[in-house]
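Novice: have a look; sequence and predicted model below, questions after that.
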Amino acid sequence: MTQAPSPTPARIRRELKTLRVMIGMFCRRHHGAGRDLCPACQELLDYAEARVRRCRFGAGKPACAGCPVHCFRKDERERIREVMRYAGPRMLARHPVLALWHLLDGRRAPGTPPAS
């Protein structure tokens, strides 16, 4: 009998949604992408999603910027920083709820489970 995979915690699902939105905003502005991401941004999103899903902190995952463990390779870390520098300030106007959650998550200490 195979065991069903455990469901993704809400905190991780929210982080993944935030990543998709931010990379989408960046790609549309810088690469002229429409609804779909350009290949380079899709590759970055796939890489970032894989890293977030494997985070050692699980549901207690902090925002990556405040994490003591740098699990992104150096070049991907710089690419995601570029995306965040562009999309971060625009998130408050375009996706205020996600932006607020991201700010709150950034204040959480690594390993601290989210409040229910």
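Specialist: Cool, the structure landed. This structure is a prediction, so every number in the text was calculated from the model and none was measured.
Novice: report the central residue of the chain.
Specialist: Leu19 (3.5 Å; Cα atoms, centre = their mean).
Novice: what about this structure, any weak spots by pLDDT?
Specialist: Where the chain drops to pLDDT under 70, the residues are 1-6, 108-116.
Novice: and the helices in it, which stretches?
Specialist: 10-31, 39-53, 74-94, 96-107 (DSSP state H).
Novice: among the ones you listed, which comes closest to Ala63?
Specialist: helix 96-107 (3.7 Å; Cβ to Cβ). Any C-beta I mention is one placed from the backbone N, CA and C, and that applies to glycine too.
Novice: just how off-centre is the closest one within its chain?
Specialist: The chain centre lies 11 Å from the centre of helix 96-107; the measure is Cα atoms, centre = their mean, to the nearest Å.
Novice: still on that earlier bit, now do the contacts for the residue nearest to the centre of the chain.
Specialist: 45, 48-49, 52 (Cβ atoms under 8 Å, 6 or more residues apart in numbering).
Novice: please identify the most buried of the helices of the chain.
Specialist: Of all the helices of the chain, helix 10-31 carries the top mean neighbour count, a mean of 18, counting by mean count of other Cβ atoms under 10 Å.
Novice: cheers, nothing more for now.
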